[in-house]
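Colleague: How does the following fold in three dimensions:
(6 chains)
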Protein chains: 4
Amino acid sequence: MSRPMRADARRNRERILAAAGAVFAEGGPDASTEEVARRAGVAAGTVFRHFPTKADLLRALMKELLEQVTAEAATLATEGDPATALFEFFRSLVRRTADNRTVVGMLAVPLDQPIASLTDVVATLLTRAQQAGAVDPGVRADEVMALLTSACQGALQGGWDAGLRDRTCEIMLRGLKPAKGPKESR
Amino acid sequence: MSRPMRADARRNRERILAAAGAVFAEGGPDASTEEVARRAGVAAGTVFRHFPTKADLLRALMKELLEQVTAEAATLATEGDPATALFEFFRSLVRRTADNRTVVGMLAVPLDQPIASLTDVVATLLTRAQQAGAVDPGVRADEVMALLTSACQGALQGGWDAGLRDRTCEIMLRGLKPAKGPKESR
Amino acid sequence: MSRPMRADARRNRERILAAAGAVFAEGGPDASTEEVARRAGVAAGTVFRHFPTKADLLRALMKELLEQVTAEAATLATEGDPATALFEFFRSLVRRTADNRTVVGMLAVPLDQPIASLTDVVATLLTRAQQAGAVDPGVRADEVMALLTSACQGALQGGWDAGLRDRTCEIMLRGLKPAKGPKESR
Amino acid sequence: MSRPMRADARRNRERILAAAGAVFAEGGPDASTEEVARRAGVAAGTVFRHFPTKADLLRALMKELLEQVTAEAATLATEGDPATALFEFFRSLVRRTADNRTVVGMLAVPLDQPIASLTDVVATLLTRAQQAGAVDPGVRADEVMALLTSACQGALQGGWDAGLRDRTCEIMLRGLKPAKGPKESR
DNA sequence: TATGAATGAGCCTTCATTCAT
DNA sequence: CATGAATGAAGGCTCATTCAT
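Modeller: A predicted model of the protein is given here:
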């Protein structure tokens, strides 16, 4: 079996991922690999040793982000207030996206397996919210995902300020609420 | 002042814009200028005579699209049913975007003046909808614009099918409705 | 239909082919395209405008050579002495190869159609030589081609002097002669 | 003088040469050094410790091959039938080449000393064959070497089938026979 | 001494832009 | 003015070679 990666290699791998995170966050997926290398303080070849292809690098980056995000969602699903956890997660993800073009790609790219994981957790959050009467029972998980994607894209491209971003989120979330107000009267 | 453009020059300009519309709609902003020229039936140099820079071409294209869209909105503002015109416009724009990678950029790019025009019309639509009790009075025009941007971006990137696209739109629009159901004025 | 190439373009195309001829003759097919450009006095992009791929360039080069060679053979087939034309052609091709790594590739590469043409002419030369009693009737055209390829390769790689080259050719040619001396006694 | 190589070092050296033999036989001299290392089960650095340069590795490989081939020829010179040994050797070497892109380089590369050895043995084979009346007395050793080189190159590049290869060899060998049929001494 | 990660030059190719025709 | 060829700066990627571990 392959031995655990050498210490310096692991360190470089991480520096590259971090640099890539920054570079692609700023410049989108067309940013250059050389720039990533430069920012990571390594030579171009090193990037390619770790990620044989630019696409591989992007994929790895997105996978990492997705895993973080999914973990965050999972925590909320376990420990959060069912009635609000989904909304919290939504706001949090959108907020984070505002500075990171990568998150967006992540939600739209061929990372089928990891995306499925996120969708699963979101589905859980959704079900709980519906059981708590906070979300309309007619809403489906793919719709929530679509809403998330949209909000993130918007947050990214729009150059919105924090206020606008939050208020826009709230409108979307309001759209999820039960048609005639929460079931448990009020 | 520059003389009025010669007839053939004007015709070329338009053919180029049309071609660019098609090409960038298909291939996104990374599509090549040569391809635009080819599709317009002119030589590369001609494209650059009319648009000194690729960015200029994109900007012109977006401006044109924006103007069309704004006109459409204006018509709805004048002739449509106040209670539904905003929603119609929203759905229509999003639907159109799904096949056009250019529209998206349009809503996010430094075209301050034309964007302001669209925002104005949208504001009109919004006000009327609010007066008709179809939209919550607390909603602001920039929020509607943000929602539009998001929905268009999402529709573009997500690879959604028409059904999902429409349902996602509806959720957003529901979020715009008055807090306690329609008509319960202020 | 496409217009005849512009004068300067045609000139460049030819300079590139000439340069490529020299460069690949010296350095083999691994020589760099940039070097070709440099030697042709054009920028790298120009090479690629004319030959979209390095492989295309090589193919064009070989095709050109092949056509020259085939023409030469055809002339010999028409005007030469049947008894010696094949031998002349053989010697001539090998001699030419001694300074040109390209000829060699040409005889071994996927240029199926042009190679077939050469094989055809060689077959003609062969048949005539056999009818004239200068070559053994058992010899087949593919064998002559194989002999040619071998001799060219050898001449190229061996670093032979002209004398050795010629003498080696003679041995091969002797191998083609009728088993018991020319049919027409002596 | 440098100390005798450590046992494991010597073993590595041999494994590398073996791997290089396989790799370059398959992929030609452009095959990568890393691939050699991988196939030898060592790290890249180890290859370079033993052979400071890729060229050195190739040279060593060819030297080894040459020595094997020379040994084979020497055996034939000692034990074989003088009248046929040269021909056997010729056929054997060509056949072997057909699957080994390295052999070819071997006959054409600056390995002066080892090549000289092979030439010597070939000269012996030749002399005996001439004394036995199987080869024309006018033939010289450098011509036989040139023939060998040609045939090997051809066998390699041509993509010939075994039949064509063998028939082509026979033609070359026929060219070596005495001018007026065998045995008709001098 | 072996390892295998890092280096960095070089290759092929693309494309926005310029300029001779 | 239009044409389309030429330019030249990147970009992604490979690989021989070096060097820290």
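
Colleague: how close does the closest residue to residue A:154 other than its chain neighbours get to residue B:98?
Modeller: In space, not counting the residues next to it along the chain, residue A:154 is nearest to residue B:150; the distance is 3.1 Å by Cβ to Cβ, 6 or more residues apart in numbering or on different chains. Backbone N, C-alpha and C define where each C-beta goes, glycine included. Look at residue B:150 and residue B:98: by Cβ to Cβ, to the nearest Å, they are 14 Å apart.

Colleague: still on that earlier bit, can you get me a residue count around the residue nearest to residue A:154?
Modeller: Counted with other Cβ atoms under 10 Å in any protein chain shown, the burial measure for residue B:150 works out to 32 neighbours.

Colleague: Surely it and residue A:168 touch.
Modeller: Yes. With contact defined as Cβ atoms under 8 Å, residue B:150 and residue A:168 form a contacting pair (6.9 Å).

Colleague: What is the longest helix of chain A by residue count?
Modeller: The single longest helix within chain A, with elements called by DSSP state H, is helix A:54-79.

Colleague: Show me what secondary structure element comes after that helix.
Modeller: Past helix A:54-79, further along toward the C-terminus, the next helix or strand under DSSP states H and E is helix A:82-97.

Colleague: What sits closest to residue A:115 if chain neighbours are left out?
Modeller: Beyond its immediate neighbours in the sequence, the residue positioned closest to residue A:115 (Cβ to Cβ, 6+ apart) is residue A:66, lying 6.8 Å away.

Colleague: I figured the one you found was touching residue A:116, is that so?
Modeller: No. Applying Cβ under 8 Å as the test, residue A:66 and residue A:116 come out as separate, 10.2 Å apart.

Colleague: More neighbours: which of those two?
Modeller: Ranked by neighbour count (other Cβ under 10 Å), residue A:66 and residue A:116 place residue A:66 first, with 20 against 9.

Colleague: Next one, pLDDT for the residue nearest to residue A:115 please.
Modeller: You'll see residue A:66 listed with a pLDDT of 85.

Colleague: give me the residue from chain A nearest DNA strand E.
Modeller: Proximity of chain A to DNA strand E (Cβ to the nearest atom of the strand) peaks at residue A:45, 1.8 Å away.

Colleague: and the helix or strand where that residue lies, what's its mean pLDDT?
Modeller: Using DSSP H and E, residue A:45 sits within helix A:44-50. Here helix A:44-50 scores 96 as its mean pLDDT.

Colleague: hmm, back to that, do the longest helix of chain A and DNA strand E meet?
Modeller: No. Contact between helix A:54-79 and DNA strand E is absent, the nearest approach being 13.5 Å (criterion: Cβ under 7 Å from any atom of the strand).

Colleague: Contacts only, for the residue nearest to residue A:60 when sequence neighbours are not counted.
Modeller: On the basis of Cβ to Cβ, 6+ apart, the spatially nearest residue to residue A:60 that is not a chain neighbour turns out to be residue A:51, at 6.0 Å. Contacts for residue A:51 (Cβ atoms under 8 Å, 6 or more residues apart in numbering or on different chains) come out as A:16, A:57, A:60.

Colleague: do the helix holding residue A:45 and chain D meet?
Modeller: No. Residues of helix A:44-50 contacting chain D under Cβ under 8 Å from any Cβ of the partner chain: none, with a closest distance of 11.0 Å.

Colleague: Sort out which residues of the longest helix of chain A are buried, please.
Modeller: The neighbour-count check on helix A:54-79 (16 or more other Cβ atoms under 10 Å in any protein chain shown) flags A:54, A:57-66, A:69-70, A:72-74, A:76-77 as buried.

Colleague: sorry, back to before: so what sits against both of residue B:150 and residue A:168?
Modeller: With Cβ under 8 Å, 6+ apart as the test, residue B:150 and residue A:168 both reach A:151, A:154-155.

Colleague: Restricted to helices, list those residues.
Modeller: Among the shared contacts of residue B:150 and residue A:168, the members falling in helices are A:151, A:154-155 (criterion: DSSP H).

Colleague: shaky segments in chain A?
Modeller: When residues are selected by pLDDT under 70, those of chain A lie in A:1-3, A:98-114, A:158, A:180-186.

Colleague: Find the closest residue to chain D in it.
Modeller: residue A:49 (11.0 Å; Cβ to the nearest Cβ).

Colleague: ok, that residue - how many residues close by?
Modeller: A count of nearby residues for residue A:49, using other Cβ under 10 Å, gives 14.

Colleague: same check, this time on residue A:137
Modeller: The burial count assigned to residue A:137 is 11, neighbours taken as other Cβ under 10 Å.

Colleague: which SS state does it fall under?
Modeller: Taken by DSSP: H, G, I helix; E, B strand; the rest coil, the conformation at residue A:137 corresponds to coil.

Colleague: Quick check: chain neighbours aside, which residue is closest to it?
Modeller: Across the structure, with Cβ to Cβ, 6+ apart as the measure, the residue nearest residue A:137 apart from its sequence neighbours is residue A:130 (5.1 Å).

Colleague: Just the element for that neighbour, please.
Modeller: With DSSP H and E as the criterion, residue A:130 is inside helix A:112-131.

Colleague: domains of chain A?
Modeller: Taking automatic domain parsing as the criterion, chain A consists of the domains A:1-52, A:61-186.

Colleague: Return the most buried member of the ones you listed.
Modeller: Each of the domains of chain A was scored by mean neighbour count; the highest is domain A:61-186, a mean of 19, by mean count of other Cβ atoms under 10 Å in any protein chain shown.

Colleague: anything in that one sitting right up against DNA strand F?
Modeller: No. Using Cβ under 7 Å from any atom of the strand, domain A:61-186 stays clear of DNA strand F, coming no nearer than 13.4 Å.

Colleague: What separation do you get for residue A:115 and residue C:152?
Modeller: Going from residue A:115 to residue C:152 by Cβ to Cβ gives 58 Å.

Colleague: no wait, residue A:49
Modeller: 42 Å.

Colleague: The host helix or strand of residue A:21 packs against which elements?
Modeller: With secondary structure defined by DSSP H and E, residue A:21 is part of helix A:7-27. When contacts are defined as 3 or more Cβ pairs under 8 Å, 6 or more residues apart in numbering or on different chains; DSSP states H and E, helix A:7-27 packs onto helix A:33-40, helix A:44-50, helix A:54-79, helix A:101-106.

Colleague: For residue A:87, which non-adjacent residue is closest in space?
Modeller: Nearest-residue entry for residue A:87: residue A:173, 5.2 Å, with adjacent residues in sequence omitted and distances by Cβ to Cβ, 6+ apart.

Colleague: isn't that neighbour right up against residue A:89?
Modeller: No. Using Cβ under 8 Å, residue A:173 makes no contact with residue A:89, being 10.7 Å away.

Colleague: which residues touch the closest residue to residue A:82 other than its chain neighbours?
Modeller: The shortest distance from residue A:82 to any residue that is not its chain neighbour, by Cβ to Cβ, 6+ apart, is 3.8 Å, and that residue is residue A:128. Residue A:128 makes contact with A:77, A:82, A:85-86 under the criterion Cβ under 8 Å, 6+ apart.

Colleague: how near is residue A:128 to DNA strand F?
Modeller: The span separating residue A:128 from DNA strand F equals 42 Å under the rule Cβ to the nearest atom of the strand, to the nearest Å.
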